[in-house]
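Enquirer: need the 3D shape of this:
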Amino acid sequence: CLDEIKKNAHKINVLYIIGGEPFVMGLHYKVLDALIECGEAKNITLKYDSNLTKLQWEGCKIVEYIHKFRKVLVSWSIESYGKYDEYIRFPTKWEDAVKNYHLLAERPNTKIDVAITLSALSVLHLDELMTWLKSEKLDSHWNTLDTPEVCRIDSLHPEIRKRLSEKYAGTELEFLCSYLDVVVDDWESRWYDLLRYLKSVDFVNGTDYKKTFPELNIQ
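Expert: Numbers count the residues shown, from 1 in each chain. Reported below is the predicted structural model:
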């Protein structure tokens, strides 16, 4: 495959590398090496989806490759801010991800934006994330989680959804009200399924949703 890639590299404009997590995929670096060896890297834009938890694998560091390509576009997957993102994207460490973001952002040919998945947990503190993104001058776009149903926004308790709707009304996040204000006939079973799911997550990860998201402790 590497020989075929080098033979056809002059036809490549954008190389979109998805995962898993691309920066810890060893073979991915062999592809980059092949593009550099054939002299076409300078004409190619690299595009990534990444959570930015790690920027290297077995001695290969993406920061040592970036300047050899025309441009690098990174869509950074974030669900919330700080400890909330750490819970949702376990075992992400927020400070490490932010450090890696700044490391990449320093490269003049690198552009980073943020992809946010709207879910039952991510909407709880989305305003805090948006405030931080603005301070970093980071653009963002949305993905809506539909499955599994247990993690959807409308699986939240109606009282929680009502409070969030009131908080976001009249703000840039007002569009969330269309998700928060829906009437869910089987809301009780959906709500308890969500709590059971979170308890299972905590059992596996050694986390505690009640401490991270105390607003979910509703009777």
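Enquirer: contacting residues for residue 144?
Expert: Contact analysis of residue 144 by C-beta atoms under 8 Å, 6 or more residues apart in numbering lists 117-118, 179. The way it works is simple: take the backbone N, C-alpha and C, and place the C-beta from them, glycine included.
Enquirer: now, these that are in helices?
Expert: residue 179 (DSSP state H).
Enquirer: how about the contacts of residue 144 in CSV, adding neighbour count, distance to residue 29 and pLDDT?
Expert: Listed next are the contacts of residue 144 as CSV, based on neighbours: other C-beta atoms under 10 Å; distance: C-beta to C-beta, whole Å; pLDDT from 0 to 100:
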residue, neighbour count, distance to residue 29, pLDDT
117, 16, 27, 96
118, 19, 33, 97
179, 18, 40, 95
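Enquirer: a markdown table for the contacts of residue 144, including distance to residue 55?
Expert: Putting the contacts of residue 144 into a markdown table (distance: C-beta to C-beta, whole Å) gives the following:
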| residue | distance to residue 55 |
| --- | --- |
| 117 | 22 |
| 118 | 27 |
| 179 | 34 |
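Enquirer: is it true that residue 22 touches residue 52?
Expert: No - with contact defined as C-beta atoms under 8 Å, residue 22 does not reach residue 52; the gap is 10.7 Å.
Enquirer: comparing those two, which shows the higher neighbour count?
Expert: residue 52 (23 against 19; other C-beta atoms under 10 Å).
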